[in-house]
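J.: Make a model of this:
(3 chains)
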Amino acid sequence: MGRRYDTISFLSDLGVVDEHVGVVKAIVRDLAPHVQVIDLTHQIGAGDVRAGSLALARCMSYVPSGVVLAVVDAGVGAGVGAGVGAGVGAGVGQRPGVAIEVAGGEGVVIGPDNGLLASAVAMAGGAGRAVVLDKPEHHLASPGAVLPSRDVFATVAAHLCNGVDLAEVGTLVDADTLLPGVIPLPRDGDDGSVHAEVLWVDRVGNCQLNVGPDDIAPWGSAEGARVQVATTDTTRVAERVARPGTLGAGAVGLLVDAYGMLSVVLDHRSAADELSVAAGDLVRLTPLAEGDRGPGTPVPVALRTPR
Amino acid sequence: MGRRYDTISFLSDLGVVDEHVGVVKAIVRDLAPHVQVIDLTHQIGAGDVRAGSLALARCMSYVPSGVVLAVVDAGVGAGVGAGVGAGVGAGVGQRPGVAIEVAGGEGVVIGPDNGLLASAVAMAGGAGRAVVLDKPEHHLASPGAVLPSRDVFATVAAHLCNGVDLAEVGTLVDADTLLPGVIPLPRDGDDGSVHAEVLWVDRVGNCQLNVGPDDIAPWGSAEGARVQVATTDTTRVAERVARPGTLGAGAVGLLVDAYGMLSVVLDHRSAADELSVAAGDLVRLTPLAEGDRGPGTPVPVALRTPR
Amino acid sequence: MGRRYDTISFLSDLGVVDEHVGVVKAIVRDLAPHVQVIDLTHQIGAGDVRAGSLALARCMSYVPSGVVLAVVDAGVGAGVGAGVGAGVGAGVGQRPGVAIEVAGGEGVVIGPDNGLLASAVAMAGGAGRAVVLDKPEHHLASPGAVLPSRDVFATVAAHLCNGVDLAEVGTLVDADTLLPGVIPLPRDGDDGSVHAEVLWVDRVGNCQLNVGPDDIAPWGSAEGARVQVATTDTTRVAERVARPGTLGAGAVGLLVDAYGMLSVVLDHRSAADELSVAAGDLVRLTPLAEGDRGPGTPVPVALRTPR
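T.: Okay, here's the model as predicted:
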């Protein structure tokens, strides 16, 4: 039985304050010392399956072949077990973790069966064989509640890297029975607008939308083309740009970001703060004709007293 | 002289904002390139020896054979040296760092001699040979104050991994002369209660107590059994559960956590916030007879006017 | 073509919340699986080139031979590209990234050409060959805006580790044409004082100055020697010490820190808070004669009523 994989790309909501991530890596090092663990991020909001799913999808084009381990669980009580894996072997009725082969076996995506993995699997070309992780002989025995990252996922990932076949770590299931991911799609409004949603606010406040450039291609994509951006709180006019640096101070821009999606940005400022939006919030985009300033555009006011 | 260890499991209070942890890993990579450093956590509160000791103990069952490096120092001024290692070779009277063999030489635990390592050593089966790290030829020369993680511990850990014998990196001492750890034990109250202490509040607010299920075994451990939990501020009734997910909204639970200890939990809420407790705070547990609601239990109040 | 380097020491302002750092490491793992990436820190303030430059310089004596990758960009809009690398291959007029050989080819320092790398290169003995990273065949194609860390620096670093020659990843330039770093020098005041600047406030609040012990050698360096420390807000008397532990509660100390510079410290308290200073703030040091308490020294006040 030869070694099969030598990299585990690991994304989670476990944080880096408690030692959970370190313990996963310690277990992998112990069981499969040839493996390198790549930390994608561990600061997905606790239980935020949607944000975890989107971050994992953003990574998928870049992770090396091997295991992708993702642990974000809306039901988790991290320090004390519980969560999706808690039911493993305990018959308490929760869905156990899953492992899904992708790319003809070049990779395996492991995690809870809560929709977290769906986009990543789709980006890797769709599911091959899939198993539910219900074989306790491939888990660690917990002295109390099961901590899925430590007791289930770490050992299963290590065993797969060591060449254990997928069918040995769980029971084969039809991948179509796994919980699908929920990807919010933009919606066309009656007035020619597009009702979009903020997918992600990055560390500098750029707001990625669930809209690609093709979705608004008829509006024109030349630099300087203008689009009205309306949130619950405010309406602004955004300028199509290639990068924030060409925007004036305080001006709102709309660009094709590094992931090929449209993002609302400002130069050196947070678009999320400026527009008072967060991930999941709705944003309405409306094309503006040339010369149309849009309702939200500030109008210059002369300060001197008229004669 | 063959390579002896290929993993350093590293826990500290150095944080990840300054570059201290990175520099330790750079030094190890330079001196012992075959070694993998596993970061357990570096976000122990600055100087919180107790929290560091407990986190290290939680990791010990899972770390691979090799070096365990723990750096938490109540006297530290990190960026500018000082702390326990500051006295090394300088004769200023502080206790130098120590290295302690465990498990018949399968591992070495390294860190300050301030009680941080005691529980970890005990969990690994107790101390074998021990040395104080007083051999400057195994340290880096600092251009100023000694930074123990960088100037003492990184190089000593790397040298041990390279096969240098423990007796070469320090002076052998009787392990009994090292500072013991302080483990708070629960205390039986006069009224049949147990006076416990919060050992750890994890990232989601679960409160691990210094009480195991055996300590309250006579009270019964069936799911649904009830225990009064009294803190300085509040008194609540907790239900014995296997996992938080079975608790009603706002209900307090008591479960055997992933480390085999009792933890006070809520479902999707922070028990620490709910009970206004932090690590180190006292909690009194009292058994409740069936039907006894306990003094702190909310009583339902009818909202409609009685006829 | 043999493998050339096996370590990338990586410092950035990318943070560890978004997945940017993880993606860089995933790309390196994919292209150059023999390479170990050492994270120095990723929590340089976003766009704080000065802080990044100083942190990198503090690390340089300790990083192993190989690649040093530093990514801090004042113009960056991280999630959506832009920044120094955004112009690469796009002809938008921004300066592309650079790679600079140091130590006779034992190392290569890679990053934006914004002064970030200058101190590090100087500490490594000065620049050898230098190239601007203008060869798109060594970059990744972005689906939208260029994300320099991912699309330029990760691949170039991996290729150099794999043995690609520096001259192949870019166009050779005279290193003197690269943007120099700005190192603030202390200035002598008219009154015998030294006008210094806070270079760095570390995680416990110690304030490193841009002054070395030689700069104030004539004032005497014996333990207990006293120096007046004046900030915009306050004036205090600092005592020369070897480590904070010898200071009384609330007393201000001045010591030669672990980097050979003078730092203002307190014992178990933040000097930055005590003196209300941050990185970049000015501090005036003035020698005090023996017996001179300095203007800012608290004077003991007798509490009992005089007879």
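
J.: Would you quantify the distance from residue A:116 to chain B?
T.: 17 Å (CB to the nearest CB, to the nearest Å). Just so you know, the C-beta spots here come from the backbone N, C-alpha and C atoms, and that holds for glycine as well.

J.: Could you tell me which residues within stretch A:110-117 count as buried?
T.: Under the neighbour-count criterion of 16 or more other CB atoms under 10 Å in any protein chain shown, stretch A:110-117 has A:110-117 buried.

J.: Report the separation between residue A:13 and chain B.
T.: Residue A:13 is 9 Å from chain B, by CB to the nearest CB.

J.: for residue A:54, same thing?
T.: For residue A:54 relative to chain B (CB to the nearest CB), the value is 21 Å.

J.: Just the helices from chain A, written as ranges.
T.: Applying DSSP state H to chain A gives helices spanning A:20-31, A:49-59, A:118-123, A:148, A:154-161, A:166-169, A:271-275.

J.: What is the third one packed up against?
T.: For helix A:118-123, the helices and strands in contact under the criterion 3 or more CB pairs under 8 Å, 6 or more residues apart in numbering or on different chains; DSSP states H and E are helix A:49-59.

J.: Grab the most central residue of chain A for me.
T.: Closest residue to the average C-alpha location of chain A: residue A:54 at 1.8 Å, with CA atoms, centre = their mean.

J.: Run through chain A and note the low-pLDDT ranges.
T.: Filtered on pLDDT under 70, chain A yields the residue ranges A:1, A:75-95, A:290-307.

J.: what are the ranges of the strands in the stretch 1-150 of chain A?
T.: A:7-12, A:36-41, A:66-71, A:98-102, A:107-111, A:127-132 (DSSP state E, counting those that start in this stretch).

J.: would CSV of the ones you listed with distance to residue C:48 be doable?
T.: As requested, those are exported to CSV (distance: least, CB to CB, whole Å):
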stretch, distance to residue C:48
strand A:7-12, 27
strand A:36-41, 21
strand A:66-71, 32
strand A:98-102, 40
strand A:107-111, 36
strand A:127-132, 44
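
J.: just so I know, which of these lies nearest residue C:129?
T.: Among the strands of the stretch 1-150 of chain A, strand A:36-41 comes nearest to residue C:129, with 30.8 Å by CB to CB.

J.: residues near residue A:287, how many?
T.: 16 (other CB atoms under 10 Å in any protein chain shown).

J.: list the buried ones in stretch A:97-106?
T.: Applying 16+ other CB under 10 Å to stretch A:97-106 flags A:97-102 as buried.

J.: That one close to chain C?
T.: No: using CB under 8 Å from any CB of the partner chain, stretch A:97-106 never reaches chain C; the gap is at least 11.8 Å.

J.: Let me know whether residue A:103 touches residue A:124 as I believe.
T.: Yes: using CB atoms under 8 Å, residue A:103 is in contact with residue A:124, at 5.4 Å.

J.: residue contacts, the residue in the stretch 101-250 of chain A positioned nearest to chain B?
T.: Taking CB to the nearest CB, chain B has its nearest neighbour within the stretch 101-250 of chain A at residue A:143, 3.2 Å off. Contacts for residue A:143 (CB atoms under 8 Å, 6 or more residues apart in numbering or on different chains) come out as B:256, B:258-260.

J.: Could I get the buried residues of stretch A:97-106 in a markdown table, plus columns for distance to residue A:155?
T.: Listed next are the buried residues of stretch A:97-106 as a markdown table, based on distance: CB to CB, whole Å:
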| residue | distance to residue A:155 |
| --- | --- |
| A:97 | 11 |
| A:98 | 15 |
| A:99 | 12 |
| A:100 | 17 |
| A:101 | 18 |
| A:102 | 21 |
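
J.: just these now: which is nearest chain C?
T.: When the buried residues of stretch A:97-106 are compared against chain C (criterion: CB to the nearest CB), the nearest one is residue A:102, at 15.4 Å.

J.: For the stretch 101-250 of chain A, which residues are neighbours of chain B?
T.: So far as CB under 8 Å from any CB goes, the stretch 101-250 of chain A lies against chain B at A:142-147, A:150-151.

J.: Against which helices or strands is the longest strand seen in chain A packed?
T.: For chain A, the strand that runs over the most residues, judged by DSSP state E, is strand A:194-201. Judged by 3+ CB pairs under 8 Å, 6+ apart, the packing partners of strand A:194-201 are helix A:49-59, strand A:187-188, strand A:207-209, strand A:282-287.

J.: how does it look with 10 Å?
T.: helix A:49-59, strand A:187-188, strand A:207-209, strand A:226-230, strand A:262-265, helix A:271-275, strand A:282-287 (3 or more CB pairs under 10 Å, 6 or more residues apart in numbering or on different chains; DSSP states H and E).

J.: Adjacent strands (with direction) for the last one?
T.: Each strand that strand A:282-287 pairs with, and the sense of that pairing, follows from DSSP bridges: strand A:194-201 (antiparallel), strand A:226-230 (antiparallel).

J.: Could you do the shortest one as well?
T.: Listed by DSSP bridges, the sheet partners of strand A:187-188 and their directions read strand A:194-201 (antiparallel).

J.: Mind giving me the ChimeraX select for the contacts of residue A:143, buried ones only?
T.: The following ChimeraX line selects those of those that are buried, judged by 16+ other CB under 10 Å:
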select /B:256,258,259
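
J.: Looking at the contacts of residue A:143, which are in strands?
T.: Mapping these onto strands (DSSP E) picks out residue B:256.

J.: The contacts of residue A:143 into a markdown table, with extra columns for distance to residue A:26?
T.: Formatted as a markdown table, these follow (distance: CB to CB, whole Å):
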| residue | distance to residue A:26 |
| --- | --- |
| B:256 | 23 |
| B:258 | 15 |
| B:259 | 15 |
| B:260 | 18 |
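
J.: Need the strands paired with strand A:282-287 in TSV (columns: mean neighbour count and distance to residue B:65).
T.: Compiled in TSV, these are given as follows (neighbours: other CB atoms under 10 Å in any protein chain shown; distance: least, CB to CB, whole Å):
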stretch	mean neighbour count	distance to residue B:65
strand A:194-201	22	41
strand A:226-230	23	57
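
J.: among these, which is nearest residue B:20?
T.: strand A:194-201 (30.2 Å).

J.: For chain C, see how far away the residue of the stretch 101-250 of chain A closest to chain B is.
T.: 31 Å.

J.: Contact partners for residue A:284?
T.: A:187, A:189, A:191, A:193-196, A:228-232, A:235 (CB atoms under 10 Å, 6 or more residues apart in numbering or on different chains).

J.: out of these, which one sits closest to residue A:64?
T.: Using CB to CB, the contacts of residue A:284 come closest to residue A:64 at residue A:196, 32.7 Å.

J.: Hmm, residue A:238 and the closest one touching each other?
T.: No: using CB atoms under 10 Å, residue A:196 is not in contact with residue A:238; the gap is 12.0 Å.
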